[in-house]
Structure formats: C-alpha cells, structure tokens
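Peer 1: kindly return the folded structure for what I paste below:
(3 chains)
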Amino acid sequence: MSAILKVENLVKYFPIRAGVFKRVVAWIKAVDGVSFEINEGETVGLVGESGCGKTTIGMVLLRLYEPTSGRIIFDNEDTTYFFMPALRARSYIKRTYVDKFNALLKELGSKDAVVNALEGVDRRYAEMFFSEAKSSTGKFCSLLLSNMDEKRKQFRKNVQIVFQDPYSSLNPRLRIKSIVGEGPAVHKMVKGEKELINKVRSVLEDVGISGDYMYRFPHEFSGGQRQRIGIARALALSPKLVIADEAVSALDVSIRSQIINLMKDLQHEHKLTYLFISHDLSVIKYVSDRIIVMYLGKIVETAAKKDLFDNPSHPYTRALMSAIPIPNPNIKKERIILKGDVPSPVNPPSGCRFHTRCYMAQEICSKEEPQMREISPGHWVACHFAK
Amino acid sequence: MRVETRRTLRRLLRNPSAVLGFSLLIFFTLIAIFAPLICPPQSYDPYMIPIVTWDKTPQPPSEGHPFGIIDGRDIFYGVVWGTRTAFKVGLTVTLTSTLVGLVIGSIAGYFGGWLDEVLMRITDVFLSIPYILAAIVMTAFLGMGLDKVMISLIIFGWMATARLIRANILQAREEQYVLAAKALGVSDFWVITKHILPNTIFPVLIQATMRIGSLVITAAALSFLGLGAPVGYADWGALLNFARNWLLGASGEALRYWYAIVYPGTAMVLFVLAWNLVGDALRDAFDPRLRG
Amino acid sequence: MEKKPVLSVKNLKTYFYTEDGIVKAVDGVDFDVYQGETLGIVGESGCGKSVTALSILRILDEKGRIVEGQVLLDGVDLTKIEEQDMRKIRGKDIAIIFQEPMVALNPVFTIGDQIMEAIMLHQKVDEKTARNMAVDLLRKVGIPEPEKRIDQYPHELSGGMRQRAMIAMALSCKPKVLIADEPTTALDVTIQAQIMELMKELQKEYGMAIMLITHDLGLIAENADRVVVMYAGKVVEYADVKTLFNDPKHPYTWGLLHAIPRLDIEQTRLYNIPGVVPDPLHFPPGCKFNPRCEFKEERCTREEPQLIEVGENHTVRCFFWQKVDEAKKRKVGEFV
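Peer 2: I've put the predicted structure just below:
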C-alpha cells in the first residue's frame, strides 16, 4: 500500500480583523500542526466535535482555503504551491527545497549523497534540482512551475468533495445534467452533447438515480436523492480521493444507511480513497479502516479502527466513545462526562489542549504539550499518560 | 419548474395591487408604442411639442386639445410623447447604472481582499454626495440636455446596486454549490456567471424595477429646474416647468390653470406607482419565504 | 399497581390546510405519559413527532388545526379549553425546550430577564425573589457563576450553556410535563451527554414527566421508559423500551434498528430501508409503510392496519408482524 496523500505539519490560521485599517487582532488556530497519511483505496475517518478543525482540513486539502504552512503531497507530487500566486510559490519552493538541498550539500559534501539521503518526493526533486536545473534556484522554480494550469486541472479532477447539506450543495437554478456534467465538460472528458449526456446518464445510474431525471431541477428531489446527485457530481470526474465532509449527517436515519451503503459500494467499484469527516463516531466506525481523532486543531489519537476501539488510549477518545448513546437498553455503560465546553481556538489552553476538560489531567499537562507517540504499531497517541 | 411558474403566476394574479401595477404598465407601454398614431408628429423631430398658438396664456381643455394648452403647446401631445421620454430615461439610466453596479459589486464581492476594500471605499465616496445635488452639478458641468441628465444620473446611480450585489455574493460565495464548482475546477468567470449571479440577481432586478419610477421623478425634477430637456421637448418634467409660472392661478381663481399641473402630474404619479407595484409584486413572487 | 397518566393523548389528529392541499401531519396518535417517567417519541423528519408536541401546547401556525382527538392533562381536555386558560398551562404545567435554544431565546434580553419573566408570569413573587429564584435555577442546571451569567445575553453563552438556560427557564414553574423536542441535536456529543445527565437528575428531583422527541435511537434506548415509534403521522409501534429494542414487531422499527451504524456491535452491512418517506400530500393507500416494506402483501396496499395488541403494553400497526419474528432469525448483523 502506498500513500496517496501525505499531509505534513499542516497549519491553518484565520485572521480576526478589526478597526478601520482591518488590522489583524488575533488568529483563529483552526488547524495547528497536523500530519497524517492516507493510503490508496482505504477509508480514513476524521472525527471530532465542532471547532476541532476537521472541516477546515477538508477545505485546505481541496485548496478552497490556502494553508498557512505545511506540506501537502498528493500522488507523489508536492501540491502545496499549486494554487499560490507565482511569487509566493517561488519563495515556498526556495524555502522548502532549495535551502534544504543546499544545506544538505554542505553537510554531506556530494550531490549523490544528498539524493541518497532523501526519499520520496524530496529525492525526486533533489535529482531534478542537481541535474536538470543544474543547482540553479530560478531554473528549478521554473521547472516546478511549468504547466501550472494543467497541474491544477489534474489536481481538481483527482480530489473531489461531497458536502453535508443536500440543499445548499446543488445550484437550485441548474438542471441535474448541468450539475453532474459540469466537471466532465470543464475537463474536456467528453466530446459533444451526446457523449456528455451518456456520461451523465451512466454516473447517475451508478448512484441509483434514473438517467431520465437529468433534465429535472434539484428541488424536485428528496434529500437523499440530492445527496446521491452530489456524489454523482464528484464521481463524474473519476477522482482518486473523495473527501466526504459530514456527507450523511443531515440525512434521516433510513436514508443515511442507503447513502453509506452506496458510498461503500462505489468505493469497491471505482477504487476510491475516502477521507470521511464526521462528528458521528458510530458512522466513522462503520465506514473507516483507520481513524483520526481531533481536538481543538490537533490530532490526539490515530489508529486502525480495531486498535482504536479495542484500546482507546487518549482520554478524549474514551470520553467521546462513552458519550455516544448506544441503541441497546440492555447495556448500561460507564459514562465519562466531560467538564465544561470546548475552549476557543483563538486562545487554546497551554500544554495539552485537552487538559481543561480532562479527568486525568496532572500538573505536567498544562505545562508541556504531549508529542505523538506510537504505543503499538500504527497506533499514535498524544497524551503524557498513554500506555 | 412549470409547477413553480404556475404557482408564481397564480399568486401574482391573486394580488390586486400587482394586477393594477401590471395593467398600468401595459397601458403606458401601449401609449408609448402607439404615440405616432395617437398624436401624429408635425415636425421633423416628433419629440418637440408642436406650437399651436403664440398666446402664452394657458388655455383650458377644448376640442382638439383635450388636456388644454400651455405656453402655446398642446399638453396632450406632450403627455403622450412624454411617456416615451419617461421610458427612455427610466430604462436607459436603470439598465446602465445597474450594469455598472453589477460589475463593480461582483468584482468586489467575489475577489474580496484589497480590491473589495478599494471599490467599496469609492462607492462610499459616491454615496456620500447627495444624489440630486450631484446630478445638478454634474449636469451643469456637462451642459444641458436630456442625454447629459441621463449621464449624470448613471454616474451617481450605481452604488446601491453595487452594494446589494456585493452583499449577496458574499453570502453566495460560501454556498456549498459554489465551493463544489470551484473544487470541480470551474474558472472564476464561470463560477460568477453560472453559479453566483443567477442566484443573486433577483433582488437586484427588483430593486432596479422600483428605481425606474423614482428616476423619472428625479429627471423631472432636473427638467423642472430647467436643467434637463430643451424648451418644448415632450417631457413631463418640462411640461410642469411651463406650469411653474401659472401655479398660483389667476387672482380670485386659484385653480384656474389646474390642467397644466394635473395631466402631466397624474401621468407621472401613475408611472411611478406602476413600477413600484410591479417591483413589489416581483419581490413577493420571488421571495422564497412566501413559497408554498 | 395501576398508575394514572399525567398527560394522555387520544386519537390526536392535526392537519395543515396548505395551498396544495391538506397535510395530515398527525393522523391518529395515542399515548400516555406518566409521572417521573420518560416517554420517547422517535421517527424521521416529517413523521409528525414535532407537530404532536406543538399540538399538545396548541402553538401551531395559522394553517394547522387540531381536527380530532383529546389531550388530557389530569383529566382536562386541553383541546377544548379557552385560549386564555391554555396560556396559564403553557410554561406552568407543560413546558417545552427546543432543538435550537438560540431561536427560542430572545436575543435582546438577558438570560435573567427571560427566566424572571417566566417566573413572574405564573407565580406571585416580587422582582427580587424572582431574581434569586433564577440564580438558583441557573446553579441547579449547572451553569457556573450564575450570579454573573444571569446578566448575560444569549449570544454570550455557548450552545450547551444556552440549552441549560432554556432548561432552567422551562423548570422555573416546576412543570408536570417537560417536552424536549430534539433537545441535543444541535450540540456536540460530549455536551449532549452533559445535558441528558442533567435532565435525568432534574427529573428525579422534580418528579416530572418528560416527553423526549428525537430521531436518535441511542438517546431513546438510554433515556426513555416507553417508546412511541411514529411513521407518516401515525404511531406504528408502542412499547416499553426493553421490549421495543429487544423484540421489535413492526417492520419499520426492525429496519431502523438495523439501518443505524452502531458502536456496540460489529456490522458487515447496514440494512437498507428502500425508498423515501412518502410525501404527506400523496400518502400511499393502505399501510403507509407498504412501498418500503420488505414483508408487504397485497392486503397492505388495500387496507390500513389498526394498532394490534401483541403483548403486554405492546401495540403494533401491522398485519404481518409475525413475519418480523421470522426475519429476526436471519440475523441481520449481530443483534442484542
């Protein structure tokens, strides 16, 4: 299995502006140093409560928001600079690669040694830097920044999203054909009206909607059907990664299971990779292979599904699990009731961000930020006391 | 969509003020279209009201001059051809200023940032000048004439639209279907024209409709002050300008020259009323909260 | 011992007269609510569970009308009394809390003003006493520093705190019945756990009856004593909570229980209830669930089933409820 998406130290701050000159008075630290990987063909569940930054991560990955810092590698290509203005992109490339390569060169002495010391994207870029670009910063930047429009298009085609709200996610003034067909048309995947219609028909039928409905408007469909159309829109581009942001949260119970089953089926048929973002741990448990738990802009625990449920190790994960009501009156479980509310992401607590609500908190927790530790293979926890 | 349209129509027809507004509008439109048949032009410029007598004193309605005569000119002719002028001024100014406002507001709203900041400050500057005063000064600067009046009304008439469309776009920009379109790789131009404008334009159209009426009053005010149409031009404001000297009536007979005011005045009031009622009706018809 | 219900709803029918026709939002609903007990009403959107609550309080919009049935509060039929008498009952005998407290709280008044208003409306106390009572209530619902919070406006509180303030307001007159309409749906799960815990404690202390309206079967299982399952304006199943979850008889209840992703069991595939909730203007003939039912027979499309007693205090609106028992043996997922 290879990682299709690699996120390194991702940070997204939103400015709070005030006053006549719109001065930045504070930052909302929505995502504050998050790293994770998604392997091809798997479903990663991203779970957390409101304000934990999970939706922001989705938007940043789609590059609907620009990241504040960090690196996003998709399909063995650094895509971080794809949507930056040219000057910023250059400075990013210089900062991230050129400076690093030159520093390594000084340290290791030879170009080959630098290349061999690196792996993945870094290695490829180092080779490109030393041979093709002949160690020239300008040339290296031009190489990476060539063909930008094509690269952006490829990225857009490969990463798609399914939104939460089946009502606001479809343009009310367009017919289903235009909504689903827009992507294939923009990316010139079809030639002519006839091919377009065939494409739309086949995608609609994939998601369980009759192709004859393509000339209808969104308001003629129920919530569940609209969500299917939203999925069809994403699917029409044959993406590699689909980000599902609370994709079933707004649906009724009986419709939700239909959509979840559909998404699972489509994953098999189209070899999709999912990042499934939700606040609902039961849905996440059902759909995911691996789970990431977030709290206030940070990852607190990540593990394969079974490991996480067999051995939840972060107190927040445990509290979250215990808070979910079980539809079985025979089970009376111990409930961990957390104190208070989630603190504001503008002024997150010092040390461990969870310590203000944690039932295990000690003195160290407010002073020192716990680092991610691997407590068993693939099971990472950011807690001083995790075993 | 057809069900929706039918429901909207049904609601329009059930609303008496909407029916009145549309009827008035149709009436005025017919007059404007058939003006050459109702009052055949007598000189090479049909908009110049023909002079029928050299006696400057107003003369009451009579056979052949049903609305009377003022300044030697037939009021009926002026009112009928003035309808064309009203449409011309109202539609041209509204359409152009709305378009200008639309472009400025869309750019400001969609791209945001410093561009938004600059455009909105410019808008604020324009808004801070009183409309009528600005129009008077501008017209005086450009020189007299109906076209100059229209130009100044356009220059100072786009700000409300710009603000409205900007606010609507700011709202629509966060809609999920707009985000989805961006994620599909749709270009900015298409995102604006295909996804944002069609969903934000209705309030602008309604606002524009209502403005047509009030613009005619503003233009008339300028004509009344002698800044607008040349003497003898078929324009309701210009007709009222003639009546200015006779407003007080004759000694002992305050209402002697009533026809000089009442006919052009009524035409103007009904015209403004028509557009306002239509605007109201459209707003109700497209208000999603009123949808069944 | 035969208990007497505090609130008893009998054959309640509430219709909405819209431009497009009559919407039978609630079409024959019966249940009893007992003192100190929680009645859960569960169903999907549009099933009529919220309209039932609004009908009990008679706060429907102008298009809605109670066309039939009784709502008996200690034997008094609330559908028959004058509006001014009803006003005395709202807030005093029956209180309600909504899903979104931001909508229910007036943004221009402080939390204290609103709680005090509720107290002074039904009790003859002066302002100072009312203020003290309000502070006590806020403390009771777990709002820290109530003396300070009482002078804050709704937007200054978090979602969980607002819902606590709503509960304080609802409890101000010690109602006999508290209607909680999706009280935690807008809240995070850890906050939901806090609020549900609080409601349980308060119920114990005040001995009030709670009507818990929700779409969340988990909340029902953990908090309700008896459960009403609604579908398309009708009660389809009514039983005590253990019977309902261990031995559901209606195909819809059975389907729902298998359609939800669950933490307590391993599931290979969720059960699919096909189709969608029917449009209330065009209900299917016969049993309203029949187009989505995997056990339907010809009779279901012709004839509307009545509630049948299938066990002690267990009623089901289905002709072929025995079939569900057979289906249980198939074991869709691991169950109980």
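Peer 1: who in chain B is up against chain A?
Peer 2: Neighbours of chain A within chain B, by CB under 8 Å from any CB of the partner chain: B:1, B:4, B:117, B:175-177, B:179-187, B:190, B:194-195, B:198-199. (Glycine included, C-beta is placed from N, CA and C.)
Peer 1: show me which of those are buried.
Peer 2: With neighbours counted by 16 or more other CB atoms under 10 Å in any protein chain shown, the residues of chain B next to chain A contain buried members at B:175-177, B:179-186, B:194-195, B:199.
Peer 1: just the helices in the stretch 251-387 of chain A please.
Peer 2: Taking DSSP state H, counting those that start in this stretch to define them, one finds helices in the stretch 251-387 of chain A at A:253-270, A:281-287, A:305-310, A:315-323, A:363-367.
Peer 1: can you say which of those helices is nearest to C:Leu244?
Peer 2: Judged by CB to CB, the one of the helices of the stretch 251-387 of chain A that comes nearest to C:Leu244 is helix A:253-270, at 15.1 Å.
Peer 1: which of the residues in the one helix or strand A:Ala89 maps to are classified as buried?
Peer 2: Using DSSP states H and E, A:Ala89 sits within helix A:86-93. For helix A:86-93, the neighbour count (16+ other CB under 10 Å) marks A:Ala89, A:Arg90, A:Tyr92, A:Ile93 as buried.
Peer 1: show me which of those residues is closest to chain B.
Peer 2: A:Ala89 (18.0 Å; CB to the nearest CB).
Peer 1: show me what contacts the closest residue to the closest one other than its chain neighbours?
Peer 2: Once flanking residues are discounted, A:Ala89 sits nearest to A:Tyr81: 4.0 Å by CB to CB, 6 or more residues apart in numbering or on different chains. Residues near A:Tyr81 by CB atoms under 8 Å, 6 or more residues apart in numbering or on different chains: A:Arg88, A:Ala89, A:Tyr92, A:Ile93, A:Leu144, A:Leu145.
Peer 1: let's see that with 10 Å instead.
Peer 2: Taking CB atoms under 10 Å, 6 or more residues apart in numbering or on different chains, we find A:Tyr81 in contact with A:71-72, A:88-93, A:96, A:141, A:144-145, A:148, A:151.
Peer 1: and which of these is nearest to chain C?
Peer 2: Out of the contacts of A:Tyr81, the member with the shortest distance to chain C (by CB to the nearest CB) is A:Ile72, at 27.8 Å.
Peer 1: does the residue nearest to A:Ala89 sit in a helix, a strand or a coil?
Peer 2: Following DSSP: H, G, I helix; E, B strand; the rest coil, we place A:Tyr81 in the coil state.
Peer 1: can you get me a residue count around the residue in the stretch 51-200 of chain C that chain B sits nearest to?
Peer 2: Residue nearest to chain B within the stretch 51-200 of chain C (CB to the nearest CB): C:Lys63, separated by 10.2 Å. By other CB atoms under 10 Å in any protein chain shown, the residues close to C:Lys63 number 12.
Peer 1: helix or strand for the residue nearest to it when sequence neighbours are not counted, which one?
Peer 2: In this structure, C:Lys63 finds its nearest non-sequential neighbour in C:Phe16, 4.8 Å apart by CB to CB, 6+ apart. Counting by DSSP H and E, the element that carries C:Phe16 is strand C:7-18.
Peer 1: where do the helices sit along chain C?
Peer 2: Shown for chain C, the helices assigned by DSSP state H span residues C:49-57, C:83-89, C:101-104, C:111-122, C:127-140, C:146-149, C:159-171, C:189-206, C:217-223, C:241-246, C:251-259, C:298-302, C:321-330.
Peer 1: tell me the phi and psi of the residue of chain B found nearest chain A?
Peer 2: Proximity of chain B to chain A (CB to the nearest CB) peaks at B:Gly185, 3.2 Å away. Dihedral pair for B:Gly185: phi 100, psi 20, per degrees, to the nearest 10.
Peer 1: before we go further, A:Leu105 is sitting in a helix, right?
Peer 2: Yes: under three-state DSSP, A:Leu105 falls within a helix.
Peer 1: and the nearest residue to A:Ile326 once chain neighbours are set aside, how many neighbours?
Peer 2: Using CB to CB, 6+ apart and skipping residues adjacent in sequence, the residue nearest A:Ile326 is C:Asp264, 4.8 Å away. Residues contacting C:Asp264 under the criterion other CB under 10 Å number 16.
Peer 1: show me what contacts C:Asp264?
Peer 2: C:Asp264 makes contacts with A:Ser282, A:Ile324, A:Ile326, A:Pro327, A:Asn328, A:Asn330, A:Ile331, A:Lys333, C:Gly218, C:Ala221, C:Glu334, C:Val336, as judged by CB under 10 Å, 6+ apart.
Peer 1: same question for A:Gln154.
Peer 2: Going by CB under 10 Å, 6+ apart, A:Gln154 touches A:Phe74, A:Asp75, A:Glu77, A:Thr79, A:Phe82, A:Asn147, A:His187, B:Gly185.
Peer 1: what are the boundaries of the helices in the stretch 1-150 of chain B?
Peer 2: Under DSSP H, counting those that start in this stretch, the stretch 1-150 of chain B gives helices at B:2-14, B:16-33, B:35-38, B:75-111, B:113-128, B:131-142, B:146-155.
Peer 1: identify the farthest-apart pair in the buried ones among the residues of chain B next to chain A.
Peer 2: Of all pairs drawn from these, the widest gap by CB to CB lies between B:Gly185 and B:Asn199 and measures 20.2 Å.
Peer 1: what's the closest non-adjacent residue to the residue most central in space within chain B?
Peer 2: The C-alpha lying nearest the average C-alpha coordinate of chain B belongs to B:Ile212 (CA atoms, centre = their mean; 1.9 Å). Closest residue to B:Ile212 apart from its sequence neighbours, by CB to CB, 6+ apart: B:Gly90 at 4.0 Å.
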